[in-house]
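Visitor: build the 3D model from these lines:
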Amino acid sequence: MAKLVFGMNQSLDGYVDHMAFGPSPTLFRHFVESTRRQAGSVYGRQMYEIMRYWDDDHHEWNADERDFATAWRNQPKWVVSRSLKSVGPNARLVEGDLETAIRKLKAEGDGEIEVAGPDLAQSLTDLGLIDEYIIYLHPVVLGHGKPYFAGPRPPLRLAANDRIDENVIRLVYVPA
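Guide: Residues are numbered from 1 along each chain as shown. The predicted structure follows:
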């Protein structure tokens, strides 16, 4: 059975914003390796459209960015959207009832499946489907933006923590 994991970079005050702060080279390399190990990713429409950036090669990329793009392109992607009619390479639209579709995905899968985006994560949290929450905590205060938890924070228990680089701590939580 696959495990659903929601993980994102977060500011000290609880916000996620990929444009306000980004990963260091060490953290980016960590994401490359994580993406390689994942059994796939489940995206909401907005996050999927942001991540489509990795579908096309860019001449200015460094070796790690090229590695990430390759890992991302190779993994299966499931996209939850009512408005999209088609998706890109190695991706499928999630059709029908969300809970049924994701339960089936978990039951038929093996390994770790990333959940990308706070809104989708909140929907899956409400359905009791997320197995692990990972916060990459950055020493940044944004004061506004999209919160990591798009709704009420579920009861959680700290399962692990480690330092990824000189500024980022990874906090791993599981449902309590």
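Visitor: in three-state terms, how would residue 42 be classified?
Guide: When classified by DSSP: H, G, I helix; E, B strand; the rest coil, residue 42 comes out as strand.
Visitor: wait, what's in contact with it?
Guide: Contact analysis of residue 42 by CB atoms under 8 Å, 6 or more residues apart in numbering lists 4, 77-80, 94, 102, 105, 113-116, 120, 124. All C-beta spots, glycine's among them, are computed from the backbone N, C-alpha and C.
Visitor: pLDDT wise, what is the residue located most distally from the centre of the chain at?
Guide: Going by CA atoms, centre = their mean, the residue of the chain most distant from its centre is residue 59, 25.4 Å out. Predicted confidence (pLDDT) for residue 59: 96.
Visitor: narrow the contacts of residue 42 to those in strands?
Guide: Judged by DSSP state E, the subset of these located in strands is 4, 77, 78, 79, 80, 94, 113, 114, 115, 116.
Visitor: who wins for neighbours among those?
Guide: residue 115 (28 neighbours; other CB atoms under 10 Å).
Visitor: which one is residue 174 nearest to, not counting chain neighbours?
Guide: Distances taken as CB to CB, 6 or more residues apart in numbering put residue 159 closest to residue 174, at 4.7 Å, once the chain neighbours are dropped.
Visitor: wait, a strand at the one you found?
Guide: Yes. Residue assignment for residue 159, taken from three-state DSSP, places it within a strand.
Visitor: how near is it to residue 126?
Guide: Using CB to CB, to the nearest Å, residue 159 is found at 21 Å from residue 126.
Visitor: re earlier: ok, how many other residues are close to the residue nearest to residue 174?
Guide: Neighbours of residue 159 (other CB under 10 Å): 12.
Visitor: quick one, what contacts it?
Guide: Residues in contact with residue 159 (CB under 8 Å, 6+ apart) are 132, 172, 173, 174.
Visitor: how about 10 Å then?
Guide: Residue 159 makes contacts with 132, 133, 134, 171, 172, 173, 174, as judged by CB atoms under 10 Å, 6 or more residues apart in numbering.
Visitor: which neighbours does whichever strand or helix holds the last one have in its sheet, and in what orientation?
Guide: Taking DSSP states H and E as the definition, one finds residue 174 inside strand 169-175. Each strand that pairs with strand 169-175, with its direction, by DSSP bridges: strand 132-137 (antiparallel), strand 156-163 (antiparallel).
Visitor: what are the buried residues along it?
Guide: Neighbour counts over strand 169-175 (16 or more other CB atoms under 10 Å) mark 170, 171, 172, 173 as buried.
Visitor: who does the third one bridge with?
Guide: Residue 172 forms beta bridges with residue 134, residue 160, as assigned by DSSP bridges.
Visitor: that one touches residue 160, doesn't it?
Guide: Yes. Residue 172 lies in contact with residue 160 (CB atoms under 10 Å); the separation is 4.1 Å.
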